[in-house]
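Chemist: Predicted coordinates and the sequence they were generated for:
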Amino acid sequence: MKSKNSKHIEKILIINPYGIGDCLFTTPLIQILKSYNPDIKIAYLVNERTAPIFNNNPHIEKTFIYEKDTFRKLWGSSKKEFFKQLSALLLDVKREKFDCAVDFSMVQEFSFFCWLAGIKKRIGYNFKNRGVFLTDKLNLTEFKDKHIVEFYTRLLSLINISVDDIPHLSLFIPEFAYKRLEEIVKNHNIDIGSIISVAPGAGKSWGKDALYKHWPEEHYSELLDKITGNFDIKVLLIGDSNEKEKCERIKANCQKQDKIINVAGETNLLEAALIFSKSRVVITNDGGLLHVAVAVNASTVSIFGPVDENVYGPYPINDKHIAIKNDTMSCRPCYRKFKFPKCIYGQQCLKNIKAEAVFKSVCKILK
């Protein structure tokens, strides 16, 4: 990474109001900024779900919370309270006197917010001409033909930083997560050196369409039968509290249920990250938990349906990560230009991925 002659930037605000994976895709950029100038001050504006990623990052001085659903409800119930809370957030940001904002939102509201906050340099992608309030921008139609991390780090050219090598994703695990892991190990009588983690949910940022990223439950049950039938190993089913029943159904259809432990809803994001880091392999759908596993250097086997694994898959691509997909459907990948079209084939791209194919990839990593 090299920097050209440019005006010195001392304080940067990064904005990304989206999901876990999307925020983790920005962590290489943070590392590059700190390499460029170790004294640079970096703050991050995120939603509540992704804030823990940056609250525990030693490179981040401060986080600001913007929860879209909260502000949307306020707009419907009390315009006065809406403007009161939005003004409070604006003043908090303005007090920091940032030199520059790196806006990953691709919507004009956030760059306008930065303009109101007095941030003179505002960089980002100009998607559908929404970059009207950006001072420096790169035109963008969609993320295509290279990984999103490479798109994100490319924005640094707008502040005269050229990138030679892109670091890995990063996630820092706090001390409290280790204490929680000890409790889980004790409560479930687990040998932490002999576990596989399976996250059969994910895709929360897709809302009601998240299920189109989920490999069928019966396929997961068949896979777990193959794993527990061939390896002396325990399987931890991991997810949030809303996925507990899903995990329980998968376990109920398995032959060796004593080897399968459902801890969905028992861990927060960082505690799950720690478990992933101790796992021999993490098996998951395309979603935020996949990138959590990658960020803590776990080996992964991931299952992709509508999304292009070359753009949104594990980064960097290497032997530790195997992304599985089935391209017999000519419509796959169908997630294009940040839109997911209505699926008329009933998730066939995911149903076509057989348990045997995933099992072979798991064996490749375990052996």
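Modeler: In hand now; what should we look at?

Chemist: longest helix anywhere in this protein?
Modeler: Secondary structure assigned by DSSP state H gives helix 79-95 as the longest helix of the chain.

Chemist: now that one: mean pLDDT?
Modeler: Averaged across helix 79-95, pLDDT comes to 93.

Chemist: Pull the residues that contact it.
Modeler: Residues outside helix 79-95 that contact it (Cβ atoms under 8 Å, 6 or more residues apart in numbering): 13, 45, 64, 66, 70-71, 74-75, 113-114, 116-119. Where you see a C-beta, it was placed from the backbone N, CA and C, and this is true even at glycine.

Chemist: Now the element after that helix, going C-ward?
Modeler: strand 100-103 (DSSP states H and E).

Chemist: Beyond that next one, next helix or strand please.
Modeler: Next along from strand 100-103, by DSSP H and E: helix 108-116.

Chemist: pLDDT (mean, whole number) over that following helix?
Modeler: On average, helix 108-116 scores 97.

Chemist: got the end-to-end distance for stretch 340-356?
Modeler: 28 Å (Cα to Cα, to the nearest Å).

Chemist: So what's the gap between the longest helix of the chain and the chain middle?
Modeler: 28 Å (Cα atoms, centre = their mean, to the nearest Å).

Chemist: do the same with stretch 40-52
Modeler: 13 Å.

Chemist: Now do residue 71: how many residues are near it, please.
Modeler: 15 (other Cβ atoms under 10 Å).

Chemist: returning to that earlier point: among the contacts of helix 79-95, find me the one that's closest to residue 254.
Modeler: Proximity of these to residue 254 (Cβ to Cβ) peaks at residue 70, which lies at 39.5 Å.

Chemist: That closest one sits in which helix or strand?
Modeler: Secondary structure (DSSP H and E) places residue 70 in helix 68-77.

Chemist: Residues contacting that helix, please?
Modeler: If you take Cβ under 8 Å, 6+ apart as the criterion, helix 68-77 is touched by 17, 47, 81, 82, 85, 86.

Chemist: Span of stretch 9-26 from start to end?
Modeler: Stretch 9-26 end-to-end distance (Cα to Cα) = 18 Å.

Chemist: from here on, count from 31
Modeler: Understood, numbering begins at 31; the last thing we discussed is stretch 39-56.

Chemist: residues touching the residue lying closest to residue 382 once chain neighbours are set aside, list them.
Modeler: The shortest distance from residue 382 to any non-neighbouring residue, by Cβ to Cβ, 6 or more residues apart in numbering, is to residue 356 (4.1 Å). For residue 356, the contacting residues are 362, 379, 380, 382, 383, by Cβ under 8 Å, 6+ apart.

Chemist: Next: residue 197.
Modeler: 57, 58, 61, 62.

Chemist: And the furthest pair within the contacts of helix 98-107?
Modeler: The span of those, defined through Cβ to Cβ, is set by 47 and 111 at 20.0 Å.

Chemist: So between those two, which is more surrounded?
Modeler: residue 47 (20 against 13).

Chemist: Am I right that that one is in contact with residue 77?
Modeler: Yes: taking Cβ atoms under 8 Å as the definition, residue 47 is a contact partner of residue 77 at 5.6 Å.
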